[in-house]
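Novice: Structure of the sequence below:
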Amino acid sequence: MQTLPTIKTKISEDFDMHDSQKVVSIDPHRFRVLCCGRRWGKTTLAIDQMKACAALRAGSRIAYIAPTFQQARDIAWTQLKRECKQAARVINETRLEIELYNGSLIVLRGWEAIETLRGQNFNLIVIDEVASMRNFWLAWQEVVRPTLTDFKGEVLFISTPKGFNHFYDLFNLQETDPDFKSFHYSTYDNPFIPVEEIDKAKKELSAERFAQEYMADFKKTEGLVYKEFDRTRTIVTAQQIEAIRSGPHEVLVGIDFGYTNPCAVLTILRDRTDTLYVASEFYETKRTDADVADFVATIKAQRVYPDPESPGAIEELRKRGVNLRDVVKGKDSIANGIQRVREHLKANKLFVSADCKNLIMEFETYVYPEKKDDKNNTENPQDENNHALDALRYVVAMTQPSNQGARQFYPGALPVNDQLNIDILKNAVTGNAQFRTATTRYPHGIQKQNKTW
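Specialist: The predicted model follows:
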């Protein structure tokens, strides 16, 4: 009987695992999250794990996912081919796939085309550079996680941190989910990298950059737009949001439309002191204009601020009787809107529910482009990680402070009873048209009290 070639369980003939790689490789948890510094050895560990799974589980399906298909080729393909050459029956250079003699299949893919994994199943997935993945939670929940169901598949998440974004939240999941285990190692933990080379980088880089890239510490991203955003101060609990709902408030909605990119709908509560609370987020792809309009109509907001560049979507909202307000865009509208949001953050006038994970992620990853020596700085940030932030900006930029700090509530936001707050109603009803609207929405109280006006 012919003996089939086998895959080495070592990374290569002349390179054994160092101690910290061994700790990660033998850990039994289903979902392992590895936060490591540059040149720690994450790619060699990933390839070793894929080889071991392919060799020990005949017929297994394994995927390696980098931020882009080209990065998957550049980072892992050459080494993976070399390591699997003896056991490979077919090597497909175009699709970056290796089929082994025992029936196992290893594929390399890019996160930018993550939708292509829908309907597939895997025993093991390695996701590399997780911190750089756009719309991570959305794709993880809708696309990647279901591919693990059939085989109760495992995942090795690997990344160097990039601010306090989704990778930070993923790293902390071990505190609430027993299937997760997190590991943290710096570049110093790789004994094959000369210490003097790391020390040289420490002298050449900024302290923040070195801490993030080599020590794998979670730090605020350089060039961050909203440096005023602070998790300890800005994020509030669901219980705090409910407390706001229980008192006088109005409901505002901001919408940034999208289909391939996420459509972001934020539900925002505004209290008597002009303080804004982002209570919930709708952050989904592949939703039609009608789907979004149906959802927004269920919120029953007093005012809705949609992106004006989607006339078809706005018409769907209009059909459903949503109370639309104009969002004005112009030459400096982005910069001015950002400034308004920053002012709210500085003044503790803007808070975000802990449930709004995508908005929080965007706050911590929305950056200005790196300055080039031959060009002036731009006033506008990079056009990514900003869907929910745009929806928020529309509301903040277009909502004016109320007179003398008194809240301009729509009467429908107040309970129907005989003890009306006349001062608030006077602020809300400042013209015949608004009076008729208020009377329609709040007939009992206004009809009883309108003589006092």
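Novice: packing partners for the host helix or strand of Glu315?
Specialist: Here Glu315, judged by DSSP states H and E, is contained in helix 311-319. In terms of contacts (3 or more CB pairs under 8 Å, 6 or more residues apart in numbering; DSSP states H and E), helix 311-319 is packed against helix 289-299, strand 303-306. The C-beta positions use only the backbone N, C-alpha and C, and glycine is treated the same way.
Novice: In it, which residues are buried?
Specialist: Ala313, Ile314, Glu316, Leu317 (16 or more other CB atoms under 10 Å).
Novice: show me the contacts for the closest residue to the first one other than its chain neighbours.
Specialist: What it means is Ala313. Closest residue to Ala313 apart from its sequence neighbours, by CB to CB, 6 or more residues apart in numbering: Asp289 at 4.1 Å. By CB atoms under 8 Å, 6 or more residues apart in numbering, the residues touching Asp289 are Phe257, Ser310, Gly312, Ala313, Glu316.
Novice: mind redoing it with 10 Å?
Specialist: Going by CB atoms under 10 Å, 6 or more residues apart in numbering, Asp289 touches Phe257, Tyr259, Cys263, Ser310, Pro311, Gly312, Ala313, Ile314, Glu315, Glu316, Leu317.
Novice: What separation is there between Asp291 and Ala335?
Specialist: 32 Å (CB to CB, to the nearest Å).
Novice: Between the two, which has more neighbouring residues?
Specialist: Of the pair Asp291 and Ala335, Asp291 is the one with more neighbours under other CB atoms under 10 Å, namely 15 against 12.
Novice: Distance check, the more buried one against Glu362.
Specialist: Counting by CB to CB - Asp291 and Glu362 are separated by 22 Å.
Novice: Name the residues that touch the helix holding Glu315?
Specialist: 253, 255, 257-259, 263, 288-294, 296-297, 304, 306-308, 310, 322-324, 327.
Novice: Please work out the average pLDDT along it.
Specialist: What helix 311-319 shows for mean pLDDT is 95.
Novice: Just the C-alphas of that helix, formatted as PDB.
Specialist: Output of helix 311-319 as PDB, limited to C-alpha atoms (Å, rounded to 0.1, in the frame of the first residue of the first chain):
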ATOM      1  CA  PRO A 311     -33.400  60.800  -3.100                       C
ATOM      2  CA  GLY A 312     -34.900  57.400  -3.600                       C
ATOM      3  CA  ALA A 313     -34.400  56.400   0.000                       C
ATOM      4  CA  ILE A 314     -35.800  59.800   1.200                       C
ATOM      5  CA  GLU A 315     -38.900  59.300  -0.900                       C
ATOM      6  CA  GLU A 316     -39.500  55.900   0.700                       C
ATOM      7  CA  LEU A 317     -39.300  57.600   4.100                       C
ATOM      8  CA  ARG A 318     -41.700  60.300   3.000                       C
ATOM      9  CA  LYS A 319     -44.300  57.700   1.900                       C
END
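Novice: Tell me the one among the contacts of Asp289 nearest to Asn135.
Specialist: Nearest to Asn135 among the contacts of Asp289, counting by CB to CB, is Cys263 at 11.5 Å.
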